[in-house]
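# Fold the following, please.
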Amino acid sequence: MLLWLMGFAGAFVFIEPSPYEIVGILAIAVFAVTGLTLRPPLVPLILLLILLNVGYAAAMLQVVDQSKVVTWVLISAYLAATAIVYAAMLGANTQARLAYLMRGTLAAGLVASLVAIAAYFHVFGGLSDLFLLYGRARGTFNDPNVLGAFLVLPALIALQRMLAGRLSAAVGGGVILLVVLAALLLSFSRAAWGQFAVAALLLMGMTFATSRAPSERLRIVLIAMGGALVALFLLAALLSIGQIADLFKERATLDQNYDLGHLGRFGRYILGFDLMLDRPLGIGPLQFSKSYFSEDPHNTFLNTFMSGGWLGGLAYLALTLVTAVRGLRFVFVRTPWQPTYHVIYAAFLGVAGESAIIDIDHWRHYFLILGVLWGLMAVTTPGRCLTIPALNRSP
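Okay, here's the model as predicted:
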């Protein structure tokens, strides 16, 4: 149940520390006391996360007098710890624990979507503005872009239920998917739109390729075609509302004013990478927009080099590449959790790709996806298990 709560609490991230941190600390304590299974395949994950946070800590020494910087580094270390715990706890009772965590995440996505949709249409009256930002739905998050990115994983879970579940599960998954996609659209996050489109195509491709019967493949094709038509009808219905249509036209372009120019998003990439070459220790967390440029990097690869120096930047780059390449090895391995593995792997590739155009350093759901993916890879790999000495009981 703690795992369900961790998945569910991921939808409420509008302050730091958030409810997610409170539930997470409790869950980490319980699992640490009752035993966590560390398998040898988890060593690269643990090592690279340690190097990433050592880089942050070393770069922090330049601006250690700033309290917000210290807090930022501590949160980074905590989120890295959650990824390791997610990976380790899947070493026992894998299927049951994974199911609870995914159900909580799906419930979180549904609640966040309903709040976002209701607020956008001012169902909450004057309180609706609390869940909006610049005319875009942000729901229970502090930014519409984070809401949109968070909803991708619940949307993929619902889509997988449609592709591989029984008829009742497929219908229920379809309803949930429509609700989540409506909220995803109302976040007006171009990156999240693209992330879902790519991840959904990857998920359908992996499910199609690993299906055991022609009838299953036919079902996937029919669902994909029917789902595309329903999605188009949903889009057309929403765009019939003038306010939504105007903002959609504004957002559905690649030439936003903050993207272009010498100090625009893409201009900062060039200037930032040039600065990176001269600063092996980085410039310290939160300094990019404070001391050098007017806005954040909006590129996690660049931001890790800026916030964690060459050590942190190379660690994040290696973590992304190693996870993507190693994860591909297990796509075709038959396991009870193969359908969920496809969801998690597609979600990871999506969020890793989005990290090239936005900062995901403190996205809770990124560390959930990262930890679960490594945990599933570890239990699919034969090898001797190492258990942290404790009561050695599974919660």
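
# give me the beta-bridge partners of the nearest residue in space to residue 143 that is not next to it in sequence?
Counting by C-beta to C-beta, 6 or more residues apart in numbering, the nearest residue to residue 143 once its immediate chain neighbours are dropped is residue 133, at 6.8 Å. (Each C-beta comes from the backbone N, C-alpha and C, glycine too.) The bridge-partner assignment for residue 133, based on DSSP bridges, gives residue 136.

# burial of residue 133, as a residue count?
Residue 133 has 17 neighbouring residues, counting by other C-beta atoms under 10 Å.

# Please look at it and residue 147 and confirm they touch.
No. Taking C-beta atoms under 8 Å as the definition, residue 133 is not a contact partner of residue 147, at 9.4 Å.

# Now the helix or strand hosting residue 231: buried residues?
Under the assignment given by DSSP states H and E, the secondary-structure element containing residue 231 is helix 214-239. Buried positions in helix 214-239, judged by neighbour count with 16 or more other C-beta atoms under 10 Å: 219, 220, 223, 224, 227, 234, 238.

# shaky segments in the stretch 151-300 of the chain?
Using pLDDT under 70 as the threshold, the predicted model of the stretch 151-300 of the chain has low-confidence ranges 165, 251-266, 294.

# same thing but at 50, please
When the per-residue scores of the stretch 151-300 of the chain are filtered using pLDDT under 50, no range remains.

# how about the helices in it?
For the stretch 151-300 of the chain, applying DSSP state H, counting those that start in this stretch gives helices covering 167-186, 190-210, 214-239, 242-251, 265-278, 300-328.

# Please tabulate the ones you listed in JSON lines, including the columns distance to residue 41.
Formatted as JSON lines, the entries for the helices of the stretch 151-300 of the chain read as follows, by distance: least, C-beta to C-beta, whole Å:
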{"stretch": "helix 167-186", "distance to residue 41": "31"}
{"stretch": "helix 190-210", "distance to residue 41": "21"}
{"stretch": "helix 214-239", "distance to residue 41": "30"}
{"stretch": "helix 242-251", "distance to residue 41": "41"}
{"stretch": "helix 265-278", "distance to residue 41": "31"}
{"stretch": "helix 300-328", "distance to residue 41": "9"}
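
# Indicate which one of these is closest to residue 336.
Closest approach to residue 336 among the helices of the stretch 151-300 of the chain (C-beta to C-beta): helix 190-210, 13.4 Å.

# can you list contacts of that closest one?
145, 147-149, 151-152, 155-156, 159-160, 163-164, 181, 184-185, 217, 220-221, 224, 251-252, 254, 331-332, 338-339, 342-343, 345-347, 349-351, 353-354, 357-358 (C-beta atoms under 8 Å, 6 or more residues apart in numbering).

# Check stretch 157-175 too.
Outside of stretch 157-175, the residues within contact range by C-beta under 8 Å, 6+ apart are 102, 105-106, 109, 176-177, 180, 200, 203-204, 207, 216, 219-220, 223, 227, 230, 339-340, 342-343.
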